[in-house]
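Participant: what's the 3D shape of this:
(one chain, ligands or ions: 1)
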Amino acid sequence: MIGALQTAARLHAAALADVQSALDPAADQAQAIDGIWHLMLWVCVPMYLLVMAALAFVVWRARRQRRERGDVATASEGSLYNGLGIWVVVVMLGLTVLTTASYLVDRKLIPAQDAQVKIRITAKQWWWQVEYLNDDPSQQFMTANELHLPLAQKTHVELRSDDVIHSFWVPNLSGKRDMIPGRVNQIELTPRRAGKYRGTCAEFCGLQHAKMSLLVYVDEEKNFASWRSAQLGAAPSPGSEVLEHGKRYFETTTCAMCHTINGTTAHSLAGPDLTHLASRSTIAAGALPLNAGSLAAWLSDPQRQKPGTNMPTIDIEPDDLNALVAYLLSLK
Ligand code: CUA
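Facilitator: Okay, here's the model as predicted:
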């Protein structure tokens, strides 16, 4: 039993290691942070070992001297002062190296203003609103809880908040950056390895702090372009009676009071934009996988899945629920 649990824990850690680890950098910024992490390790570990060795030595010597003479030794104070002097120099050198290195890494993390892709992420209780910005408004679109970034291009991310303090952290790509109401923070991401990474909220933000994940897909340029053009389009129109039923339900009930689906009459921004919901792999900021079962469970009792969420519980008939789930899953 315990063996099986250990195996499961190891597998879980291994599965996360490449999607959520600051020690497996996949972007320039994470690479810089990884560099200083190792520098600090290799400067501090020898110093720690020297201090421990010196401590062990003086304890051993004091005991021996007490045994031999029965009193405190008056060993040469000169060598003590020399030793301390050398140690002060070593510590000063180590601190100078670390301070300079952290200054240089900090410079590398400052966003330049020449990014190819510009994103605005707004912190919400408890999800991430994502806007892909463009000087041409017709090229802008919204999504939620998942990012797509083009490989080897600079992405500038503007971080804002409405009503909560989150900390944006995708360990494989860069360090942490707070999202604070009334303040605009920035971060730059230059991914160098395609793949799927997992970000998380790194600041305790209330009831649902633990269910605040953010999936980041680093795409080859071609895939990014096709994802982007799909997101720019309106939602597909329903191709069957059931889907039509679902759409009608969405537009005429409380759903439309909080959400947007482009191409329908629903245009509210209180909750996530659902125009291309079915192109995402999770719902409720990574709390549940996206499939018919979890969507039905979420819609019929959101407080059970994510206590404290602002998604209200609606009194929905089984027929309507089935049609609504089918419609939402058709929003590719
Ligand atoms: Cu947001 Cu913790």
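
Participant: for residue 198, see how far away residue 127 is.
Facilitator: Here residue 127 is placed at a distance of 15 Å from residue 198 (C-beta to C-beta, to the nearest Å). Every residue, glycine included, has its C-beta placed from N, CA and C.

Participant: what's the answer for residue 313, then?
Facilitator: Taken as C-beta to C-beta, the span from residue 313 to residue 198 is 29 Å.

Participant: those two - which one has more neighbours?
Facilitator: Set residue 313 next to residue 198 and count neighbours by other C-beta atoms under 10 Å: residue 198 wins out with 17 against 13.

Participant: ok, that one touching residue 217?
Facilitator: No. The criterion here is C-beta atoms under 8 Å, and residue 198 misses it with residue 217 at 10.7 Å.

Participant: residue ranges of the helices in the protein, please?
Facilitator: 2-17, 28-69, 77-109, 221-232, 241-252, 255-258, 292-300, 302-305, 318-329 (DSSP state H).

Participant: contacts only, for residue 281.
Facilitator: 146, 215, 289, 290 (C-beta atoms under 8 Å, 6 or more residues apart in numbering).

Participant: switch to 7 Å and redo it
Facilitator: Counting by C-beta atoms under 7 Å, 6 or more residues apart in numbering, residue 281 touches 215, 289, 290.

Participant: buried subset of those as a PyMOL selection?
Facilitator: Those of the contacts of residue 281 that count as buried under 16 or more other C-beta atoms under 10 Å are selected in PyMOL with:
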select buried, resi 215+290
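
Participant: who's the residue nearest to the spatial centre of the chain bridged to?
Facilitator: Compute the mean C-alpha point of the chain, and by C-alpha atoms, centre = their mean the closest residue is residue 199, 2.2 Å away. Listed beta-bridge partners, residue 199: residue 214 (assigned using DSSP bridges).

Participant: and it, how far from the ligand?
Facilitator: Per C-beta to the nearest ligand atom, to the nearest Å, residue 199 is found 11 Å from the ligand.

Participant: can you check residue 210 too?
Facilitator: Distance from residue 210 to the ligand, by C-beta to the nearest ligand atom: 8 Å.

Participant: residue 31 now?
Facilitator: 26 Å.

Participant: contacts only, for residue 36.
Facilitator: Applying C-beta under 7 Å, 6+ apart, the residues contacting residue 36 are 101, 102, 105.

Participant: just the buried ones from those?
Facilitator: Buried among these (16+ other C-beta under 10 Å): 101, 105.

Participant: out of the contacts of residue 36, which is nearest to residue 64?
Facilitator: Distance to residue 64, by C-beta to C-beta, is smallest for residue 101 among the contacts of residue 36, at 41.2 Å.

Participant: that closest one contacts residue 38, doesn't it?
Facilitator: No. Using C-beta atoms under 7 Å, residue 101 makes no contact with residue 38, being 10.3 Å away.

Participant: number of residues surrounding the residue lying closest to residue 218 once chain neighbours are set aside?
Facilitator: Nearest residue to residue 218, sequence neighbours excluded (C-beta to C-beta, 6 or more residues apart in numbering): residue 191, at 4.2 Å. Neighbourhood size, residue 191 [other C-beta under 10 Å]: 28.

Participant: and the residue of the stretch 1-150 of the chain found nearest the ligand, how many neighbours?
Facilitator: In the stretch 1-150 of the chain, no residue comes nearer to the ligand than residue 126, which is 6.1 Å away by C-beta to the nearest ligand atom. Neighbour count for residue 126, taken as other C-beta under 10 Å: 23.

Participant: tell me which helix or strand of the chain sits lowest on mean pLDDT?
Facilitator: helix 2-17 (a mean of 59; mean pLDDT, DSSP states H and E).

Participant: count of residues packed around residue 203?
Facilitator: 17.

Participant: need the contact list for it.
Facilitator: 165, 166, 167, 178.

Participant: in strands only, show me those.
Facilitator: For those, membership in strands holds for 166, 167, 178, with DSSP state E as the criterion.

Participant: what about the last one, how many residues nearby?
Facilitator: Residue 178 has 16 neighbouring residues, counting by other C-beta under 10 Å.

Participant: wait, it touches residue 169, no?
Facilitator: No. Residue 178 lies out of contact with residue 169 (C-beta under 7 Å); the separation is 9.8 Å.
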